[in-house]
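In: Take this sequence and fold it.
(chains A and B, ligands or ions: 2)
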Amino acid sequence: MYAYIIRRLLMLIPVLFGVSVVIFFTLRIIPGDVAQTILGTDATEDALAQLRKDFGLDQPVMKQYFSWMGGVLVGDFGESMRTGRDVLPDILNRFKITFELAILSAIISWIIAIPLGVIAGIKRNSKTDFTVRIISLLGVSIPNFALATVLILVLALTFSYSPPVGYVGFFEDPIKNLQILILPAIVLGTAMAGAVMRMTRSSILEILRQDFVRTIRAKGAKERLVIFNHALRNAMIPILTIIGMQIGVLLGGTVIIEQIFSLPGLGQLVLTSINQRDFTVIQGAVLFIAFVFVMINLLVDLLYSYLDPRITYK
Amino acid sequence: MKPLLDINRLNIDYQSNKKEFNIIKDINIQIDEKMKYGIVGESGSGKSLTSLAILNLLPDALKVDQGHIKLNTDSTKDLITLSKKEMRKIRGNDIAMIFQEPMTALDPVYTIEYQLLEVLKIHKNYSKKEMHQKGLDMLNKVGISRSEQIMKAYPHELSGGMRQRVMIAMALICEPKLLIADEPTTALDVTIQAQILDLMNDLSESHHTAILMITHDLGVILETCERVAVMYAGQIVEESTVENIFEEAAHPYTKGLLSSIQSLGERSNELYSIPGNVPTPDNYQELGCRFATRCPFAMDKCYEQEPPMFEVQDDHASKCWLHVEEAQDDERRTSRAGS
Ligand SMILES: Nc1ncnc2c1ncn2[C@@H]1O[C@H](COP(=O)(O)OP(=O)(O)OP(=O)(O)O)[C@@H](O)[C@H]1O
Ligand SMILES: [Mg+2]
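Out: Residues are numbered from 1 along each chain as shown, chains lettered A, B, ... in the order given. Ligands and ions are numbered 1, 2, ... in the order given. Have a look, this model is predicted:
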């Protein structure tokens, strides 16, 4: 098991190396002068030259790459070309918000999706099942931004609500923090719930058809025990796959939702730094997101073996 | 004395909003306490459905249409009309069941200990320690030696034979009055088959458990049972003691089954088998005998009118028109001899 984890962590090296190469050189291919974009059209030649020198933009591309990587390897992601601040602490600060939003959305999605999916699976082709399937279809197909805008409009018109501006950490003021995050979390959560609901329904259906369910019923078990201790536990494996993918995507930042609710998350950071050609920030953020994605995958794989004893890693 | 289990005119229908047809028709079976009773028949003859109906475990689309299944323990209960709650008290406790596929009959994500003790937890009030001890004892009784180790194992870590032993342990741990075994050895190697049958014989005697053995293999019946019902296309076509059936089979279908195993024993090159297949329920003969289409002796009458169960000898019934012909022949012969 530990050997497996170590091997998986070692695999991070080629993955992150590949990502760094791709992002670094793609940025360099984009036409246009970075210094000009950052400083504006009325910048002096001297200022432009100074910026290029500071960030090594006047060096050969290969040399630029290796000096960036050299820093990254010792935990120095460089400084933002716009603000001059260290990139990594900025990314981590933004990531805290994105992370909290992702977890909150996921919890909301499970609270909605898993019970409804189970009920739909048990009562296949009933009215409940039909309703649940329509809800999940809506959840999957309504675009986030539409739901977010409608939600804000409705709340604004009926309760004269206005979306809070700025962000307060959970440990500073939990109530305020939740007030800020709850709406975007509901929007993301309901969108995620659709897919989870469908997967829950179909895997419960599939498990209930299996022989061992009959064995458990033949023991005299209550239906509650059959469903929760046995069917759901077995169904969790495919459900976990979906959940893992969704969280992985959310942790990369949700650009549109962060924009609509003016949340300073990772998605917003990436978006603004792309607009501003802030190369060091883009590179750092992309590398960081890739790292998080790989770690989530590892976590999901480890959870598999916890849920299903037939899956073992050596 | 009342039999332990009394199945009386059991009928099972398939019912969906598209169509409806009969599958199991007028099954009568009486099983006494400690008796070993067999149901034999080809695949598709309705053996499993009959046994599932006893514990109300039929698939959704199938319904018991009429009939009674009386269980006589301390009191008499009709299992057909029992509430869900009452039925749960019987399952695993008074009547236990083991299934054909030991590979898929256990939940893959729980240990043997969890699944073995689950049934005790449902029905009895033991402390954790007592339950654990009971589990170990029961595993020893079914011939599992490294019981501590096996308790911690998961189903996929055991062989098919071991899993079936675990299933038997699970079925008998609450000391049920009746054990229903649906093809318990079909999925196993021949040598393991014999071991499992021996084990079931021994345990049913030491635990005073009656067995309803369901199989397509007359050899299994011969080795384990006292009485047997031969099923064909959802009906019992012949019923008697195992001796009577093996020595004086009356129904053409039973004779066909017997000659197929006898030719196996003689190692002849030509394996006898009854020509044709068991019809599916939606193709059952509306009128007449359901076996007529495959019967070498079929007469016109067999297609027109359903034969009743004839008492061909004491304690031996068979559902075939030939017995009337035979009786008439005998009568003619005796009357001629008399004249
Ligand atoms: N859920 C179901 N819906 C419709 N028909 C069914 C269903 N289950 C079984 N049947 C039909 O009922 C008949 C009897 O099935 P059953 O499983 O009792 O046979 P069996 O004697 O146990 O055969 P086998 O040796 O194959 O287990 C078969 O023709 C089968 O096709
Ligand atoms: Mg069967």
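In: domain parsing for the chain?
Out: No chain specified, so I'll use chain A. Domain segmentation of chain A under automatic domain parsing yields A:32-76, A:87-307.
In: Can you look at chain B instead?
Out: Split by automatic domain parsing, chain B gives B:5-232, B:235-264+B:271-338.
In: got TSV for those, with mean pLDDT, mean neighbour count and distance to A:Ile282 too?
Out: Every C-beta, even on glycine, is put in place using the N, C-alpha and C of the backbone. Output for those, formatted as TSV (pLDDT from 0 to 100; neighbours: other C-beta atoms under 10 Å in any protein chain shown; distance: least, C-beta to C-beta, whole Å):
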stretch	mean pLDDT	mean neighbour count	distance to A:Ile282
domain B:5-232	94	19	44
domain B:235-264+B:271-338	87	16	66
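In: of all those, which lies closest to A:His230?
Out: Nearest of the domains of chain B to A:His230, taken as C-beta to C-beta: domain B:5-232 at 5.4 Å.
In: Up against chain B, what does chain A have?
Out: When proximity is defined as C-beta under 8 Å from any C-beta of the partner chain, chain A approaches chain B at A:210-212, A:214-222, A:225, A:230, A:233-234, A:307-310.
In: could you list every residue that touches the residue of the stretch 101-250 of chain B found nearest ligand 1?
Out: Residue nearest to ligand 1 within the stretch 101-250 of chain B: B:His216 (5.1 Å; C-beta to the nearest ligand atom). Neighbouring residues of B:His216 by C-beta atoms under 8 Å, 6 or more residues apart in numbering or on different chains: B:40-43, B:47, B:183, B:186.
In: helix or strand right after the helix or strand in which B:Tyr253 is found?
Out: In this structure, B:Tyr253 sits in helix B:252-265 according to DSSP states H and E. Using DSSP H and E, the helix or strand that follows helix B:252-265 in sequence is helix B:300-304.
In: hey, C-alpha coordinates of that next one in CSV?
Out: C-alpha atoms of helix B:300-304 as CSV (Å, rounded to 0.1, in the frame of the first residue of the first chain):
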residue,chain,number,x,y,z
ASP,B,300,-55.1,-37.6,-28.6
LYS,B,301,-56.6,-37.2,-25.2
CYS,B,302,-53.3,-35.9,-23.9
TYR,B,303,-53.7,-32.8,-26.0
GLU,B,304,-57.3,-32.3,-25.1
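In: got the CA positions of the next helix or strand after that helix in CSV?
Out: Sequence-wise, the next helix or strand downstream of helix B:300-304 (DSSP H and E) is strand B:310-313. Output in CSV follows, covering the C-alpha atoms of strand B:310-313 (Å, rounded to 0.1, in the frame of the first residue of the first chain):
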residue,chain,number,x,y,z
PHE,B,310,-53.5,-40.7,-10.3
GLU,B,311,-52.6,-42.9,-7.2
VAL,B,312,-50.6,-45.5,-9.1
GLN,B,313,-49.7,-47.3,-5.9
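In: For the helix or strand following strand B:310-313, enumerate the helices and strands it packs against.
Out: Downstream of strand B:310-313, the first helix or strand assigned by DSSP H and E is strand B:316-318. Contact partners of strand B:316-318 among helices and strands, from 3 or more C-beta pairs under 8 Å, 6 or more residues apart in numbering or on different chains; DSSP states H and E: strand B:235-241, strand B:310-313.
In: Show me what strand B:316-318 pairs with in its sheet, parallel or antiparallel.
Out: strand B:235-241 (antiparallel), strand B:310-313 (antiparallel) (DSSP bridges).
In: can you give me the end-to-end distance of stretch A:200-220?
Out: In stretch A:200-220, first residue to last residue: 25 Å (C-alpha to C-alpha, to the nearest Å).
In: What are the buried residues along that stretch?
Out: For stretch A:200-220, a neighbour-count test (16 or more other C-beta atoms under 10 Å in any protein chain shown) marks A:200-205, A:207-208, A:210, A:212-220 as buried.
In: Figure out the helix or strand that B:Arg332 lives in.
Out: Using DSSP H and E, B:Arg332 sits within helix B:322-338.
In: outside of that helix, which residues touch it?
Out: Against helix B:322-338 from outside (C-beta under 8 Å, 6+ apart): B:250, B:252, B:297, B:299, B:307, B:310, B:312.
In: any idea what sits nearest the spatially most central residue of chain A, other than its immediate chain neighbours?
Out: Residue closest to the mean C-alpha point of chain A, counted by C-alpha atoms, centre = their mean, is A:Leu250 at 1.8 Å. Among residues not flanking A:Leu250 along the chain, A:Ala102 sits closest, at 3.8 Å (C-beta to C-beta, 6 or more residues apart in numbering or on different chains).
In: Show residues contacting the helix or strand hosting B:Ser48.
Out: Per DSSP H and E, B:Ser48 falls inside helix B:47-54. Helix B:47-54 has contacts (C-beta under 8 Å, 6+ apart) with B:5, B:7, B:10, B:12, B:23-24, B:27, B:29, B:39-41, B:58-59, B:62, B:64, B:69, B:79, B:95, B:97, B:180, B:182-183, B:212, B:214-216, B:231, B:234.
In: got it, and stretch A:269-283?
Out: With contact meaning C-beta under 8 Å, 6+ apart, stretch A:269-283 is reached by A:20, A:23-24, A:27, A:30, A:32, A:34, A:37-38, A:55, A:68, A:77-82, A:87, A:90-91, A:94, A:253, A:255, A:259, A:285-286, A:289.
In: And stretch A:302-310, by the same measure?
Out: A:1, A:5, A:233, A:236-237, A:240, A:244, A:311-313, B:108-109, B:154, B:156.
In: Buried only: go through the residues you listed for me.
Out: Buried members of those, counted by 16+ other C-beta under 10 Å: A:233, A:236-237, A:240, A:244, B:108-109, B:154.
In: Which members of those define the maximum pairwise distance?
Out: Pairwise distances across these (C-beta to C-beta) peak at 23.5 Å, for the pair A:Gly244 and B:Tyr154.
In: ok, back up a step: send over the helix holding B:Tyr253 as PDB, restricted to the C-alpha atoms.
Out: Coordinates of each C-alpha in helix B:252-265 appear next as PDB, following Å, rounded to 0.1, in the frame of the first residue of the first chain:
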ATOM      1  CA  PRO B 252     -43.000 -41.000 -18.900                       C
ATOM      2  CA  TYR B 253     -41.100 -37.800 -18.000                       C
ATOM      3  CA  THR B 254     -39.600 -39.400 -14.900                       C
ATOM      4  CA  LYS B 255     -38.700 -42.400 -16.900                       C
ATOM      5  CA  GLY B 256     -37.000 -40.200 -19.400                       C
ATOM      6  CA  LEU B 257     -35.000 -38.500 -16.700                       C
ATOM      7  CA  LEU B 258     -34.000 -41.800 -15.200                       C
ATOM      8  CA  SER B 259     -32.800 -43.300 -18.500                       C
ATOM      9  CA  SER B 260     -30.700 -40.300 -19.000                       C
ATOM     10  CA  ILE B 261     -28.800 -40.900 -15.800                       C
ATOM     11  CA  GLN B 262     -28.800 -44.700 -16.300                       C
ATOM     12  CA  SER B 263     -27.100 -44.300 -19.700                       C
ATOM     13  CA  LEU B 264     -24.500 -42.100 -17.900                       C
ATOM     14  CA  GLY B 265     -23.900 -44.900 -15.500                       C
END
